[in-house]
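Student: Fold the following.
(chains A and B)
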Protein chains: 2
Amino acid sequence: MAGALIRPAVEGIPEYVPGKAVKGTIKLSSNENPFGPSPKALKAIAKEAKKLQVYPDQKATLLRAALAKKFQLAPENFICGNGSDDIMQTIAATYLNPGDEVIISKNTFSVYELVSRIFAGRLVFVETKNYEIDLERIAQAITDKTKIIWLTNPNNPSGTVFTAQALEQLLQKLPENVLVVVDEAYVEFADCKDLPDTIKYVKEGKNLIILRTFSKYYGLAGLRIGYGIAKPEIIKPFFKVKMPFNVSRLAQAGAVAALTDKTFLKKTYKNNIAGKKYLYQELDKLGLEYKKSEANFIFIDLKRPADEFCQRLIKLGVSVRPLTSFGLPEAIRVSIGTGEQSKKLISEFVKIL
Amino acid sequence: MAGALIRPAVEGIPEYVPGKAVKGTIKLSSNENPFGPSPKALKAIAKEAKKLQVYPDQKATLLRAALAKKFQLAPENFICGNGSDDIMQTIAATYLNPGDEVIISKNTFSVYELVSRIFAGRLVFVETKNYEIDLERIAQAITDKTKIIWLTNPNNPSGTVFTAQALEQLLQKLPENVLVVVDEAYVEFADCKDLPDTIKYVKEGKNLIILRTFSKYYGLAGLRIGYGIAKPEIIKPFFKVKMPFNVSRLAQAGAVAALTDKTFLKKTYKNNIAGKKYLYQELDKLGLEYKKSEANFIFIDLKRPADEFCQRLIKLGVSVRPLTSFGLPEAIRVSIGTGEQSKKLISEFVKIL
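Tutor: Sure, this is the predicted structure:
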């Protein structure tokens, strides 16, 4: 009977498939930080916990001030969320009318589709080019009904980036009243030169929202804290539309502290560079096709059923992500772990190739 | 320019006005637990924090199992949220089509209106009867377009309950395909006999969703954790519609522990009963009109501008809630604090009456 009650708009939502966490295995399936949470964040959380009977600050004032300082922007340029998922939902709630078109790249992170379906947007999927987000095709898909373009840079799961020039060209073709969302969940790991300077576009007043998270680089996936950056006109309505107390006290305090945890962040960055280098080398030896990554994971085109492969790898003690739920049933995504974890991954990999 | 982009549906959302937290004052404005957070929850949080780099369990398996045990129901009867606000939003996302009617009592908690507006529901407000939720009038407001009826028991801010008999009568008149949501955020504080047995209706398979929270009784408002109880058919779609990782690891672990914190909960309950008794006595002496409360706060009909009164009280070191944002500009809501806090409240109250 409840079946009859459900909104048609949400009936088509596919189930979210998370990275597997199997006890006793090394988890390289969710792009988590192999060094654990930021130690500075943990200290701040322990202190803040004593005040947990009190509601959190609706406006995340201290965190937004810290972010403003970091980016040389104003607090009014920032919104904080219960993970960046929460901000994606608020963006759609605020700006997406039923029937408005959203443009989404195929084979990417699934929450853009989820929130767009919830608000009854019309989904326009655009093919990737060699697994990479194709901004030219995206520009061609724009119509006078387009409202939101969801982009990811570096992309999940390909790990690739689109360049400053490519984004510039898209923005030049952008009609008024179209919002571009650039999810930069992995941007702190990038080490390429031609990454778009999205902050510049915010300063210029473009209709662009940057999303960032504390889940990856800062090691706080379990805490749920992300943020959005845009011009104040875009941000302001979010404070009415979001749930009043969406970000916990611990998330606010932990994030403020994590921002200053230089030792931890440097270690995380260095390990990621070294891990990628090692894995490229080993994957080359194994003759596997993969993408050079600007994130903390590597996309591998296995050219064989990934689900079965990943099941076998789990039995050997390593959990990686089959990309079946991303529409890529013969590819996997492998998170960069510690040096030791990467070695273990390769040594088990060899056994089942 | 962003102004032109905003959905008409959300333009009318009023700003949420939280209880004031003024440094150096006693905060009796947000119905928080005066004894702080559950100590057992704090221990569990400290332990869980070490795993914060890992994403939370999407399904809150351990917490739902603990709740199932507590209520003698199945885990499939439960959904957990980032506060019960988050569940309200998921309920509307799953079941409320644009133009569907929602029935909301006037002068009550504002998030029912917020989530209903976000999903473009047609709001039907029903007058209260002497500040209490009037289920007879609500029954009269049902049409063939009604989809959700939002109820609060005990009600915020009146502190009153509707009886088992009154709810029974409403449910008998309920058309198929109408969902009744009963927000029982304060129910653990009730000490009356004729409280509706809402769990019974869930067991009977009625279209009824109960909402509960860890924010009040368990002292965890800053952690963000609430839960919903309904038949599995109603609950199941929420797992597709909610954001995948909506409940943090710390919220899940803290809530499981708080459920077993008997000493803390008993102390909280006893203090509340004693606090109400003391305040009734003192308010009687002062000749003030108030409502007998089944919650952890008392509604007082000041019959004078509440905002100004509350401002003066803040200057004397006590923060209480003016009910202007509830549409009641001459009434206030006072949380039950510790015995000492209640004495301070009354001694300052006397000075400005």
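
Student: How about the secondary structure of A:Gln169?
Tutor: Of the three states, A:Gln169 takes helix according to DSSP: H, G, I helix; E, B strand; the rest coil.

Student: so where's chain A shaky on pLDDT?
Tutor: Counting by pLDDT under 70, chain A contains low-confidence ranges at A:1-4.

Student: let's see 50
Tutor: Regions of chain A meeting the criterion pLDDT under 50 cover residues A:1.

Student: Check it for its longest helix and report it.
Tutor: Using DSSP state H, we find that the single longest helix of chain A is helix A:262-286.

Student: Beyond that one, next helix or strand please.
Tutor: Following helix A:262-286 in sequence order, the next helix or strand is strand A:289-290 (DSSP states H and E).

Student: Run through the neighbouring helices and strands of that following strand.
Tutor: Using 3 or more CB pairs under 8 Å, 6 or more residues apart in numbering or on different chains; DSSP states H and E, the elements in contact with strand A:289-290 are strand A:297-301. Every residue, glycine included, has its C-beta placed from N, CA and C.

Student: hmm, the strand it packs on in reach of chain B?
Tutor: No: residues of strand A:297-301 contacting chain B under CB under 8 Å from any CB of the partner chain: none, with a closest distance of 14.0 Å.

Student: Which residues belonging to the next helix or strand after that strand are considered buried?
Tutor: Going down the chain from strand A:297-301, the next helix or strand is helix A:306-315, by DSSP H and E. Under the neighbour-count criterion of 16 or more other CB atoms under 10 Å in any protein chain shown, helix A:306-315 has A:306, A:309-310, A:313-314 buried.

Student: got these as CSV, with distance to A:Glu176 columns?
Tutor: CSV is the format used below for the buried residues of helix A:306-315 (distance: CB to CB, whole Å):
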residue, distance to A:Glu176
A:Ala306, 42
A:Phe309, 47
A:Cys310, 45
A:Leu313, 49
A:Ile314, 50
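
Student: of those, closest to chain B?
Tutor: Closest approach to chain B among the buried residues of helix A:306-315 (CB to the nearest CB): A:Ile314, at 16.4 Å.

Student: Pull up the gap between the closest one and A:Val22, please.
Tutor: 5 Å (CB to CB, to the nearest Å).

Student: Same check on A:Lys276?
Tutor: Look at A:Lys276 and A:Val22: by CB to CB, they are 24 Å apart.

Student: Looking at these two, which one has more neighbours?
Tutor: More crowded of A:Lys276 and A:Val22, by other CB atoms under 10 Å in any protein chain shown: A:Lys276, with 22 against 13.

Student: May I ask you to confirm that the more buried one is in contact with A:Ala295?
Tutor: No: with contacts counted by CB atoms under 8 Å, A:Lys276 stays clear of A:Ala295, the gap being 9.2 Å.

Student: residues bridging contact with the two, i.e. touching both?
Tutor: Counting by CB atoms under 8 Å, 6 or more residues apart in numbering or on different chains, A:Lys276 and A:Ala295 have no common neighbour.

Student: so where do the strands sit in the stretch 101-250 of chain A?
Tutor: Secondary structure of the stretch 101-250 of chain A (DSSP state E, counting those that start in this stretch): strands located at A:101-105, A:122-126, A:146-152, A:179-183, A:208-213, A:226-229.

Student: end-to-end on stretch A:322-339?
Tutor: The straight-line separation of the ends of stretch A:322-339 (CA to CA, to the nearest Å) is 22 Å.

Student: Which positions in that stretch come out as buried?
Tutor: Here stretch A:322-339 shows A:322-324, A:326, A:328, A:330-337 as buried, counting by 16+ other CB under 10 Å.

Student: Mark out where each domain of chain A begins and ends.
Tutor: Here the domain parsing of chain A from automatic domain parsing is A:19-36+A:262-352, A:39-258.

Student: Which of the ones you listed has the highest mean neighbour count?
Tutor: Burial of the domains of chain A is given as mean neighbour count (mean count of other CB atoms under 10 Å in any protein chain shown); domain A:39-258 ranks first at a mean of 21.

Student: Please tell me how far that one is from the chain's geometric centre.
Tutor: Offset of domain A:39-258 from its chain centre (CA atoms, centre = their mean, to the nearest Å): 8 Å.

Student: distance between the ends of that domain?
Tutor: Taking CA to CA as the measure, domain A:39-258 stretches 8 Å from start to finish.

Student: what's the answer for stretch A:239-258, then?
Tutor: The first and last residues of stretch A:239-258 sit 24 Å apart, counting by CA to CA.

Student: The closest residue to A:Ile138 other than its chain neighbours and chain B: what is the separation?
Tutor: Spatial nearest neighbour of A:Ile138, chain neighbours left out: A:Val126 (5.1 Å); criterion: CB to CB, 6 or more residues apart in numbering or on different chains. Applying CB to the nearest CB, to the nearest Å, the value for A:Val126 to chain B is 22 Å.

Student: just checking, A:Val126 touches A:Val102?
Tutor: No: taking contacts as CB under 8 Å, A:Val126 lies outside contact range of A:Val102: 10.8 Å.

Student: Chain B contacts on the stretch 51-200 of chain A?
Tutor: So the stretch 51-200 of chain A meets chain B at A:51-56, A:58, A:82-83, A:85-86, A:89, A:93-98, A:111, A:114, A:118, A:120, A:147, A:176-177, A:179 (CB under 8 Å from any CB).

Student: quick one, what contacts A:Asn272?
Tutor: For A:Asn272, the contacting residues are A:189, A:296, A:336, by CB under 8 Å, 6+ apart.

Student: Can I get stretch A:63-73 in PDB? Just the C-alpha atoms.
Tutor: The C-alpha trace of stretch A:63-73 is given here as PDB (Å, rounded to 0.1, in the frame of the first residue of the first chain):
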ATOM      1  CA  LEU A  63      34.200  27.200  10.300                       C
ATOM      2  CA  ARG A  64      33.000  29.600   7.600                       C
ATOM      3  CA  ALA A  65      35.300  32.300   9.100                       C
ATOM      4  CA  ALA A  66      38.300  29.800   9.000                       C
ATOM      5  CA  LEU A  67      37.400  28.900   5.400                       C
ATOM      6  CA  ALA A  68      37.100  32.600   4.400                       C
ATOM      7  CA  LYS A  69      40.600  33.200   5.800                       C
ATOM      8  CA  LYS A  70      42.000  30.200   4.000                       C
ATOM      9  CA  PHE A  71      40.600  31.200   0.600                       C
ATOM     10  CA  GLN A  72      40.800  35.000   1.000                       C
ATOM     11  CA  LEU A  73      37.100  35.200   0.600                       C
END
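
Student: All set, thanks.
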